[in-house]
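>>> Quick one: sequence and predicted model below, then my questions.
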Amino acid sequence: MTFQSTWSNLLEECEALGEEATLVMPLSEKPFQITDVQEHRIVIEFPDSDEKRPLQRDQFETLARRISDAADSFDLERLPPDADPYPAVLILTDINT
């Protein structure tokens, strides 16, 4: 599957989430919600603040490639702190199909 297919599936899964759906970042365990799904990004918001953050398509593609290239497993602790929400959203789709 090309990343374009993965991205399209991810956008569909994000749009299908209910308004109150809350995801949790795997490292910091900080909750967030998806507030907007756009062609090249997914916008998240943290419920404990008014902070909104766009998650860019190219960053999802890089993460998906690194996960696919990992021999046995991908160590999430290798991610920079600002990348913590990416795996929580990417898991909504199966990047290995």
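Received, thanks.
>>> can we go C-alpha only for contacts and neighbour counts from here?
OK.
>>> and residue 53, that one's in a strand?
Yes: assessed by DSSP: H, G, I helix; E, B strand; the rest coil, residue 53 belongs to a strand.
>>> Can you name the residues bridging to it?
On the basis of DSSP bridges, residue 53 is bridged to residue 44.
>>> doesn't residue 45 make contact with it?
Yes: Residue 53 lies in contact with residue 45 (CA atoms under 8 Å); the separation is 6.3 Å.
>>> Give me the nearest residue to residue 94, chain neighbours excluded.
Leaving aside its sequence neighbours, residue 94 sits nearest to residue 6 (CA to CA, 6 or more residues apart in numbering; 7.6 Å).
>>> With adjacent residues omitted, what lies nearest to residue 88?
Residue 88's closest residue in space is residue 25 (CA to CA, 6+ apart), at 5.6 Å.
>>> thought that neighbour was touching residue 31?
Yes: shown here, residue 25 and residue 31 form a contact pair, counting by CA under 8 Å, at 6.3 Å.
>>> which residue sits closest to residue 10 in space, ignoring its chain neighbours?
Once flanking residues are discounted, residue 10 sits nearest to residue 93: 5.5 Å by CA to CA, 6+ apart.
>>> got the contact list for that neighbour?
Residue 93 is in contact with 6, 9, 10, 13, counting by CA atoms under 8 Å, 6 or more residues apart in numbering.
>>> burial of the first one, as a residue count?
For residue 6, the tally of surrounding residues (other CA atoms under 10 Å) stands at 20.
>>> measure it to residue 93 for me?
From residue 6 over to residue 93 the distance is 7 Å, taken as CA to CA, to the nearest Å.
>>> again with the second one
Between residue 9 and residue 93 the computed distance is 7 Å (CA to CA).
>>> No further questions, thank you.
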